[in-house]
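S.K.: with the input below, show me the fold.
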Amino acid sequence: MPAHPLQRLSLVNKHWSAVARKDLYARVFVHTEQTVRRLLRTVTEHGDLLDLIKSITVDYKYAQLPTQKKAMNKEKAARSRTSKLTWKLLLLLRPGRTVYLALDGESLRPYCDETPDDRMIPCLTGLRGLYFEDISSGIDYTPWIRAAAPTLLALSIPSQPIIVSRFNFDGLSFALKCLFIPAPGQGRNLISAAAFKALIKSSALEDLTINPMDNVPTSVVRAELIRAAPTLRRLQFAAPYGDIRTELVQALQAGLQLCTNLRILNLWLREDGITDAFASGIPPTVQHMIVCVESVPTFAAYSSVDATLGRVGRLILGLDLPRLETLKLSNIHLRVHPNVTLESLELPETKIHVSLGTEFPRNLPWLY
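M.R.: Below is the predicted model of the structure:
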């Protein structure tokens, strides 16, 4: 039931309040200082509510700091207050109760002299899903991942290169069903080959997202992708840039041939990479696809988005994909090309639902 009806239901009487609270507090989204302040006060006064919180997402979506000194200091002070309140809330969460934790990059940045690098939170024990998004706060979250490792089923590692390069998972055994390896702002992730192999070696892996990794040889990516392929149900693969782009596409092609249970395939490649990746076909089990076609940065490429997407669309629709239900063709330049439509792509008639978009998925399909 949606949150608003549940809120109204909780006001009827004590009985319905108890019924509604279970779902109201099951998934908590913290996005403002007022939200975290009120939630902290409520769970402090009513400690039993902490047992109801199964999932918590902290995402303040901060804008860039002001450049004017007075305004900057004021904003930093506000963020510092929010950060302290967030730490207090996380420290209250109980092990074995909260099973999913998601943090954005700025939510725990201290903005003060405090350095909570070594601060741990109790709820890491028993956690099943841990998601870090665009971490840039300078906090080393490796101990958090190590603490949660025994029970983790889904993990998105921090994308900040300095932090990622510290990862050391020696002696740990992961049983992940979902692994998300993002690319930081410059399009690269500096995770080591040893850390990558430790994370991906789970025999139960069903959902995998791979972005370019400078410190992981393409031979390792190929070998691990081939090994993981038979159990994968969702694969998201991005290699639109860089000198190793061709080798990564070859690794993808090798892995696709062994994906016997794949249902969802999302790709972000250049047109030649898509052509090469599909040269040997796509698993016939695929039901949903998102293909983001990266344009080579030339005026000609910008002005021929419809031709590029049309070629890619016709290529995919010409493959033997008896279970394919949806296909989204994506390109960032569609934002400035409103004249590009499905009709202009000149695609063949099909029962498959085909659509256009400008984005590539960046979130995980929680929860497990």
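S.K.: hey, let's count contacts and neighbours off CA atoms from now on
M.R.: Will do.
S.K.: A strand includes R146, no?
M.R.: No - assessed with DSSP: H, G, I helix; E, B strand; the rest coil, R146 is helix; it does not lie in a strand.
S.K.: quick one: contacts for it?
M.R.: 169, 172 (CA atoms under 8 Å, 6 or more residues apart in numbering).
S.K.: quick one: it from L130, how far?
M.R.: As judged by CA to CA, to the nearest Å, R146 and L130 stand 11 Å apart.
S.K.: cool, and T142?
M.R.: The span separating T142 from L130 equals 12 Å under the rule CA to CA.
S.K.: which of these two has more neighbours?
M.R.: Ranked by neighbour count (other CA atoms under 10 Å), T142 and L130 place L130 first, with 22 against 18.
S.K.: please name every helix or strand in contact with the helix or strand hosting that one.
M.R.: Per DSSP states H and E, L130 falls inside strand 129-133. Under the contact definition 3 or more CA pairs under 8 Å, 6 or more residues apart in numbering; DSSP states H and E, strand 129-133 sits against strand 100-104, strand 154-156.
S.K.: now the top helix by length along the chain: buried residues?
M.R.: Ranked by residue count under DSSP state H, the longest helix found in the chain is helix 69-92. In terms of neighbour count (16 or more other CA atoms under 10 Å), helix 69-92 has its buried residues at 76, 79-80, 82-87, 89-90, 92.
S.K.: please apply the same query to stretch 348-356.
M.R.: By neighbour count on 16+ other CA under 10 Å, the buried set for stretch 348-356 is 354, 356.
S.K.: and stretch 209-221, by the same measure?
M.R.: 209-214, 216, 218, 221.
S.K.: what sits against the closest residue to E206 other than its chain neighbours?
M.R.: Distances taken as CA to CA, 6 or more residues apart in numbering place L232 nearest to E206, at 4.1 Å, with adjacent residues excluded. L232 makes contact with 205-208, 259-262 under the criterion CA under 8 Å, 6+ apart.
S.K.: among those residues, which are located in strands?
M.R.: Using DSSP state E, 207-208 are the members of these that sit in strands.
S.K.: of all pairs in the contacts of L232, which one is the farthest apart?
M.R.: Comparing all pairs in the contacts of L232 by CA to CA, the longest separation belongs to L208 and T260, at 14.7 Å.
S.K.: more neighbours, these two?
M.R.: Using other CA under 10 Å as the criterion, L208 and T260 rank with L208 on top: 23 against 16.
S.K.: residue contacts, that one?
M.R.: The neighbours of L208, taking CA under 8 Å, 6+ apart as the test, are 178-180, 232, 234-236.
S.K.: mind putting those in a markdown table, secondary structure, distance to P66 and pLDDT included?
M.R.: Below are these laid out as a markdown table (DSSP: H, G, I helix; E, B strand; the rest coil; distance: CA to CA, whole Å; pLDDT from 0 to 100):
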| residue | secondary structure | distance to P66 | pLDDT |
| --- | --- | --- | --- |
| C178 | strand | 38 | 93 |
| L179 | strand | 35 | 92 |
| F180 | strand | 32 | 89 |
| L232 | coil | 45 | 96 |
| R234 | strand | 40 | 95 |
| L235 | strand | 39 | 95 |
| Q236 | strand | 36 | 93 |
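S.K.: any of those residues buried? List them.
M.R.: The neighbour count (16+ other CA under 10 Å) marks 178-180, 232, 234-236 as buried among these.
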